[in-house]
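*Asks:* Dropping the sequence and predicted coords here.
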Amino acid sequence: MDLHSFQCWRVALLLLLMPCGYRCMSVHILDEDPVHVIPGTSLVLQAQINHGPLEEVSMVTWEREPETGSPPRKVTVATCPGKNIKCVDKLPNAHVSAEQQGTTLKLEGYTPEDNGVYAITVTDQNGVKTTAQCIVREYEPVHHVSVSVNVSHSILVCGEAWGTDPQFSWLYERDAISKSVGSVSKDGKTLYVSSAPICGHFTCMVTNKLGHSVATYTAAPCETEGKGRATTAAVVCLVILVACGGVLAFLLWRRKRRYNSRGERLHEHLDDSI
């Protein structure tokens, strides 16, 4: 074996032993999993294709199957064959574009029937396939908001059924929660009331992109400081009035008694004179 042939075999061996970054292909969906889509809007999924200098994309395939159910029923959304990565859309509302370094799937007029697991499969020139998946679901409005109470610990907890990305906030007597009323947990679901017992009206509001829903917990009415002072003043006034009335009644009774005693003595004196 001459020197040139030996070097060729050496280069081939080095290529086979090269790290995967030089001769392996990978694909990654950039969108956060799961993806929630509002019905009537567009679903857009982006994928990044990574490959080494020795690799070449020969086929890109987008597919969809139900998230649950057996056996899975796959639907081909689009295929992009050939070195030029020209895509053929298989669904009427789908449009796929692809390049050597990435691909984008766009579905117009999203409906609940478009829910499912979307998979992108990239095939290299040697027929090796690499796949990435992403779950896509319908964006749901908030449902069935409720408030539960732990009276012994002065805690109110807000719950919501199955809405997408619910955001929680609290109102006390139609105003935002102040430090004097209590504190709210980081997720917004729990309200720690600073006063005991709990009194007044507490409202939990849950919102997302499609609207809001509320639930209210009504406790016993609160006695404010002003009302407490007014009640105390009223009681004091009542006591004073009762005391004054008692004194006045005693003075009148005593005067009447003296008058009666004087009349009796005058009558006795007249009788003695006769």
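*Replies:* Received, thanks.
*Asks:* all contacts plus neighbour counts: C-alpha atoms, from now on.
*Replies:* Fine.
*Asks:* Tell me if I'm right that residue 25 and residue 130 touch.
*Replies:* Yes - in this structure residue 25 lies within contact range of residue 130 using C-alpha atoms under 8 Å: 7.1 Å.
*Asks:* Quick one: neighbours of residue 73, just the number.
*Replies:* 10 (other C-alpha atoms under 10 Å).
*Asks:* In contact with residue 67, which residues?
*Replies:* Contacts for residue 67 (C-alpha atoms under 8 Å, 6 or more residues apart in numbering) come out as 115-117, 135.
*Asks:* Looking at residue 25 and residue 130, which is more packed in?
*Replies:* residue 25 (21 against 17).
*Asks:* show me where pLDDT drops low in the chain?
*Replies:* Applying pLDDT under 70 to the chain picks out residues 1-23, 83-85, 224-239, 242-274.
*Asks:* Show me how it divides into domains.
*Replies:* 19-138, 146-218 (automatic domain parsing).
*Asks:* residue closest to the middle of this structure?
*Replies:* By C-alpha atoms, centre = their mean, the chain has its centre lying nearest to residue 166, at 2.6 Å.
*Asks:* what about that residue, distance to residue 123?
*Replies:* Per C-alpha to C-alpha, to the nearest Å, residue 166 is found 40 Å from residue 123.
*Asks:* how about the helices of the stretch 1-150 of the chain, start to end?
*Replies:* Taking DSSP state H, counting those that start in this stretch as the test, the helices found in the stretch 1-150 of the chain are 3-16, 20-23.
*Asks:* who's in contact with stretch 78-90?
*Replies:* Stretch 78-90 has contacts (C-alpha under 8 Å, 6+ apart) with 56-63, 76-77, 91, 94-100.
*Asks:* Now do the buried residues in it.
*Replies:* Neighbour-count burial for stretch 78-90 flags 78-81, 85-90 (criterion: 16 or more other C-alpha atoms under 10 Å).
*Asks:* Same question for stretch 25-37.
*Replies:* 25-29, 35-37.
*Asks:* Any chance of a markdown table for these, columns distance to residue 50?
*Replies:* What follows is the buried residues of stretch 25-37, written out as a markdown table (distance: C-alpha to C-alpha, whole Å):
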| residue | distance to residue 50 |
| --- | --- |
| 25 | 6 |
| 26 | 5 |
| 27 | 6 |
| 28 | 8 |
| 29 | 11 |
| 35 | 22 |
| 36 | 26 |
| 37 | 27 |
